[in-house]
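**Q** Here is my input, please return the structure:
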Amino acid sequence: MLLNGKPILMHTIEAFHYSDFKPKIIVVLNVDFHTYWEQLCEKYNFSIPHILIKGGLQRFHSVKNGIKAIRGKSVIAIHDAVRPLVSNELICSSFREAEQTGNAVVAVKSKDSVRQQKGNSSLSLNRDEIYLIQTPQTFQFEILNKAYKQEYRNEFTDDASVVERTGITLNLIEGESKNLKITFPEDLTLAEFYLSQKTKHKKTLN
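**A** Okay, the predicted model is just below:
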């Protein structure tokens, strides 16, 4: 999908490449799309260095494949390809927190009332205790590598749930409302708006 004239994934890669931390980038992608991605890179003159890795059956297996491409001590940020608006500040705070404490999981407090469905009834939950999890989810290599030696479980919906299973306490850091996950058409419209505002702001500063 295109966002402001180029594939969403390219915006996401650029966000990390041009951040203050400038991490090495690994793109984990379904093997059936590798050739197509390479064609897109050529079409859009996209030359940011990155390693292309084969994706797995589930997110769990894809991340595991990505980890195998990493050697030595490092801090690893795992990020959704369709969150292209992640800011430099959020990327940097994630890496810094993980460097100091071992992990950093980006989250935002729920602004809405929350109810949990139970059978035919529902239960009201305290929204002050509810956090919506975003990415990046960032970990020291040793912690992440050990966690992904586990067998896959259905409850592993993200990297935080995989790491938590090993007994590690997760450190939540404040996320951003603009760090949206493009899932529906209206998300794409909103992302285009945010990008246009960002461009206007840059022009004003210049």
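**Q** Return the alpha-carbon coordinates of stretch 129-136 using CSV.
**A** Output in CSV follows, covering the C-alpha atoms of stretch 129-136 (Å, rounded to 0.1, in the frame of the first residue of the first chain):
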residue,chain,number,x,y,z
GLU,A,129,-5.3,0.2,34.5
ILE,A,130,-5.7,-0.6,30.7
TYR,A,131,-2.8,0.0,28.3
LEU,A,132,-2.9,-0.4,24.5
ILE,A,133,0.4,-1.9,23.4
GLN,A,134,2.3,-0.5,20.4
THR,A,135,5.7,-1.1,18.9
PRO,A,136,8.6,-0.8,18.9
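**Q** List of residues touching it?
**A** Where contact means Cβ atoms under 8 Å, 6 or more residues apart in numbering, the residues beyond stretch 129-136 that reach it are 77-80, 83, 86, 90-91, 94, 104-110, 114, 158, 160, 172, 175-176, 179, 181. To be clear about C-beta, it is placed using only N, CA and C from the backbone, and glycine gets the same treatment.
**Q** Could you rerun that using 6 Å?
**A** Contacts to stretch 129-136, defined as Cβ atoms under 6 Å, 6 or more residues apart in numbering, come from residues 77, 79-80, 83, 94, 106-110, 114, 175, 179.
**Q** Pick the one among the residues you listed closest to residue 124.
**A** Distance to residue 124 across the contacts of stretch 129-136 (Cβ to Cβ) is lowest for residue 114, with 7.6 Å.
**Q** about what we covered before: can you tell me which two in the contacts of stretch 129-136 are farthest apart?
**A** Pairwise distances across these peak at 27.8 Å for 77 and 114 (criterion: Cβ to Cβ).
**Q** Who has more neighbours out of the two?
**A** Applying other Cβ atoms under 10 Å to residue 77 and residue 114 shows that residue 77 carries more neighbours, namely 22 against 14.
**Q** my read: the more buried one touches residue 138, true?
**A** Yes - assessed by Cβ atoms under 6 Å, residue 77 is found in contact with residue 138 at 4.3 Å.
**Q** Determine the longest strand present in this protein.
**A** Longest strand in the chain by number of residues (criterion: DSSP state E): strand 131-140.
**Q** and the residue nearest the centre of the chain, what does it touch?
**A** Taking Cα atoms, centre = their mean, the centroid of the chain lies closest to residue 79, which sits 2.0 Å from it. In this structure, residue 79 makes contact with 135, 136, judged by Cβ under 6 Å, 6+ apart.
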